[in-house]
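>>> predicted model, plus sequence, below.
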Amino acid sequence: MKKWEVKKTASKGYAIGPAYVVKKQEVTVDTASISADQVDAEVSRFEAAVEKAQADLAELAQENAIFAGHFALAGDIAIHDGVVGKIKDELMNAEAALMQVKDEYVVIFESMDDEYMRERASDMKDVSKRLLFALKGIDDNPFAAMKEKSVIVAQDLTPSDTAKMNMDLVLGFATEEGGVTSHVSIIAKNMAIPCLVGVGSMLEDVKTGMSMILDAGKGEIFLDPDEAMVAVYKEKAEKFEAFQKELESLSSLPSETKDGHGFSLCANVGNIEDIKYATQFQIEGVGLFRSEFLYMESDHFPTEEEQFEAYKEAAQLLGGKELTIRTLDIGGDKELDYYEFPKEENPFLGYRAIRMCLDQTDVFKTQLRAILRASAFGYIRIMYPMMISMDELTAANHLLEVCKAELKQEHVAFDEKIQVGMMIETPAAVMMAEEFAQKVDFFSIGTNDLTQYFLAVDRGNQKIANLYNSFNPAVLRAIYHTIQAGHRHNTKVGMCGEFASDEKASKLLLGMGLDEFSMSAGEVARVKYQLRGCTFEVAEKLADAALKLDTAEKVLELLENS
Ligand code: PEP
Ligand code: MG
């Protein structure tokens, strides 16, 4: 038996069965030059391949929105011009020209800091492979031989690969490469298929038909397990299934504790795709729309019209449920290709988020106007990030008022009672929560940053990761202080940092009085199960006891024994 331990769980669950290994079909690309009189024919051949690929993609896009993106990429004018340029100027054949352009794009995507953008390199590879196959007239389906229910093992799986699979036969996925936001991960999550990605080298050992166990909860893969082990895991899988069914049965029940104390469960999203995914779950709305992704996915500052369309679609998809749009939170580790941030000693403490927006008021106003206009189409709330002073709030609200006045003058509709809130993610915001609460409609505690700033521990530094702990009593007291301050002034307090979905923290946060928990949509059912399983009275007592403790260890011990 061989075992792999994996850190990247894309979708939880157990898969037990034979492996089906998908090997990449290698296509050789002839690099021979063409003659000048072949140029036109070669360009036509490339354009015919684009047409064929787009026809296939249009069909696939009806089933899966990912392919709408691929459709656009296949017909992208910059890619077209790049390939045609190489055919005309360098007398390259269409296949060779395409591969060179693909390589150039892949290098650009892969060098990006943002994980989401890095993984777009795989879209480029997938689309160019499709074009290459169309150029060569090859129709490949690596799944044609898959006849029984299997665990798919591959180096990586592209959306085109997954589209060819008979999903009824897929027990699970294990890929050597890929991250948790790659397409195979998203598809696996959407279809609740167990999936482990970034496993590392496997294909040398795994052969089609070999018995496998995938424990995509713990992150373990066993090849060739003995019968006793298979029996143990079958039992685990059954229990897991039963628990999932129980979670599903809760989905239509109200978000309230046993003694009727209500709470709200919302999703964190970064784009329209995320919202479509999130609406499959029983969410009360979106507690955090990280609008910076719109900026990071673009090659220019998105125009008012582009943003308006995105926010409007988001609001409409939510059909009257809350959509909390956080204004641009860029800088720190989030960069833009088309804007050069100043070189700084401490970018996390530097020119970012609301600071940049209050400095570049044109950028900020464009966004505020787009949000306001979209607010006529749903229930939108505005949320400012990284606030540290009343001056910033006053300045941001002043610009908002200017935008409102402009729109009124232009006779453009917007929600005149639009709620305005702020993230509490700096020590300054916590200390001033009492004053802020009197000026805003809601708070949302961003524990990802709050923990980093409160403890002065870089959230991305692995060397000190043990110090980055939201159970540190200093952080817990900051959260409690914020909730108390908010409630004294009837300001609802939510949380959109990762801590909101921490298995051990939910009951404690409820007991502190947290009103809204916002998290990855896939986590909502589990948190609902936990919170519906307790009474508010017990949760309050737990919070009371936890807030008296002086170390994170003692808090965790209390929670584990409660
Ligand atoms: C946070 O800081 O907790 C938060 C939700 O914002 P982000 O993770 O985007 O910084
Ligand atoms: Mg933050």
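Arrived safely, thanks for sending. Since the model is a prediction, treat every value here as computed from it, not as a measurement. Ligands and ions are numbered 1, 2, ... in the order given.

>>> measure residue 147 to ligand 1 for me?
45 Å (Cβ to the nearest ligand atom, to the nearest Å). C-beta: built from backbone N, CA, C; applies to glycine.

>>> can you give me the helices for the stretch 151-300 of the chain?
Assigned by DSSP state H, counting those that start in this stretch, the stretch 151-300 of the chain shows helices spanning 159-164, 183-190, 227-250, 272-278, 292-296.

>>> ok, now which ones touch residue 257?
Counting by Cβ atoms under 8 Å, 6 or more residues apart in numbering, residue 257 touches 263, 510, 531-532, 534-536, 539.

>>> about what we covered before: the helices of the stretch 151-300 of the chain: which one's closest to ligand 2?
helix 292-296 (10.2 Å; Cβ to the ion).

>>> contact partners of the closest one?
So helix 292-296 is contacted by 114, 116-117, 270-271, 301-302, 306-307, 310, 328-330, 334-336 (Cβ under 8 Å, 6+ apart).

>>> what's the closest of these to residue 16?
residue 116 (32.1 Å; Cβ to Cβ).

>>> tell me which element that closest one is part of?
Counting by DSSP states H and E, the element that carries residue 116 is helix 115-136.

>>> and that helix, what's its mean pLDDT?
Averaging pLDDT along helix 115-136 gives 83.

>>> buried stuff in it?
117-135 (16 or more other Cβ atoms under 10 Å).

>>> and the two most separated of the contacts of residue 257?
263 and 535 (12.6 Å).

>>> now restrict the contacts of helix 292-296 to buried residues only.
Applying 16+ other Cβ under 10 Å to these, the neighbour count classes 114, 117, 270-271, 301-302, 307, 310, 328-330, 334-336 as buried.

>>> show me where the stretch 351-500 of the chain has its strands.
Under the criterion DSSP state E, counting those that start in this stretch, the stretch 351-500 of the chain contains strands at 379-384, 419-424, 442-445, 492-495.

>>> pick the most buried one from those strands.
strand 442-445 (a mean of 26; mean count of other Cβ atoms under 10 Å).

>>> and that strand, what does it pack onto?
Contacts defined by 3 or more Cβ pairs under 8 Å, 6 or more residues apart in numbering; DSSP states H and E place strand 442-445 against strand 379-384, strand 419-424, helix 433-437, helix 473-488, strand 492-495.

>>> next one: that strand to chain centre, how far?
21 Å (Cα atoms, centre = their mean, to the nearest Å).

>>> from now on call the first residue 58
Okay, residue one is now 58; in that scheme the one you just asked about reads as strand 499-502.

>>> tally of neighbours for whichever residue of the stretch 458-607 of the chain sits closest to ligand 2?
At 3.7 Å from ligand 2, residue 506 is the closest residue in the stretch 458-607 of the chain, using Cβ to the ion. When neighbours are defined as other Cβ atoms under 10 Å, residue 506 has 21 of them.

>>> for it, list the residues it contacts.
If you count contacts by Cβ under 8 Å, 6+ apart, residue 506 has them with 443, 480, 482-483, 516, 554.

>>> residue 486 and residue 441 touch, don't they?
No. At 10.0 Å, residue 486 does not count as touching residue 441 under the criterion of Cβ atoms under 8 Å.

>>> what residues are shared contacts of those two?
By Cβ under 8 Å, 6+ apart, the residues touching both residue 486 and residue 441 are 479-480.

>>> got the strands of the stretch 408-557 of the chain as JSON lines, with distance to ligand 2 columns?
Below are the strands of the stretch 408-557 of the chain laid out as JSON lines (distance: least, Cβ to the ion, whole Å):
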{"stretch": "strand 436-441", "distance to ligand 2": "11"}
{"stretch": "strand 476-481", "distance to ligand 2": "6"}
{"stretch": "strand 499-502", "distance to ligand 2": "10"}
{"stretch": "strand 549-552", "distance to ligand 2": "12"}
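
>>> using JSON lines, lay out those strands together with mean pLDDT and distance to residue 535.
Below are the strands of the stretch 408-557 of the chain laid out as JSON lines (pLDDT from 0 to 100; distance: least, Cβ to Cβ, whole Å):
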{"stretch": "strand 436-441", "mean pLDDT": "98", "distance to residue 535": "19"}
{"stretch": "strand 476-481", "mean pLDDT": "98", "distance to residue 535": "8"}
{"stretch": "strand 499-502", "mean pLDDT": "98", "distance to residue 535": "8"}
{"stretch": "strand 549-552", "mean pLDDT": "98", "distance to residue 535": "12"}
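
>>> not counting sequence-adjacent ones, nearest residue to the residue in the stretch 108-257 of the chain positioned nearest to ligand 1?
Going by Cβ to the nearest ligand atom, ligand 1 is nearest to residue 171 of the stretch 108-257 of the chain, at 11.8 Å. For residue 171, ignoring the flanking residues on the chain, the nearest one in space by Cβ to Cβ, 6 or more residues apart in numbering is residue 353 at 5.6 Å.

>>> need the per-residue pLDDT for that neighbour.
88.

>>> over to residue 197?
Value listed for residue 197 in the pLDDT field: 66.

>>> what about residue 264, neighbour count?
Neighbours around residue 264, by other Cβ under 10 Å: 12.

>>> I'd say residue 355 and residue 367 touch.
No. Residue 355 sits out of contact with residue 367 when judged by Cβ under 8 Å, with a separation of 10.1 Å.

>>> ok so, going back, tabulate the contacts of residue 314 (CSV), appending pLDDT, distance to residue 414 and secondary structure.
Formatted as CSV, the contacts of residue 314 follow (pLDDT from 0 to 100; distance: Cβ to Cβ, whole Å; DSSP: H, G, I helix; E, B strand; the rest coil):
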residue, pLDDT, distance to residue 414, secondary structure
320, 98, 31, coil
567, 98, 33, helix
588, 96, 35, helix
589, 95, 39, helix
591, 95, 40, coil
592, 97, 43, coil
593, 98, 38, helix
596, 98, 37, helix
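
>>> drop anything exposed from those residues.
Judged by 16+ other Cβ under 10 Å, buried ones among those: 320, 567, 588, 591, 593, 596.

>>> show me what from this structure comes close to ligand 1.
345, 347, 386, 482, 503-506, 553-554 (Cβ under 6 Å from any ligand atom).

>>> count the neighbours of the closest residue to ligand 1 within the stretch 258-407 of the chain for me.
The stretch 258-407 of the chain approaches ligand 1 most closely through residue 347 (5.4 Å), counting by Cβ to the nearest ligand atom. Neighbours of residue 347 under the rule other Cβ under 10 Å: 19.

>>> partners of it in the sheet?
Using DSSP bridges, the bridge partners assigned to residue 347 are residue 383.

>>> report the contact partners of it.
Counting by Cβ under 8 Å, 6+ apart, residue 347 touches 325-327, 383, 386.

>>> mind checking which of the residues you listed land in strands?
Those of these mapping onto strands are 325-326, 383, per DSSP state E.
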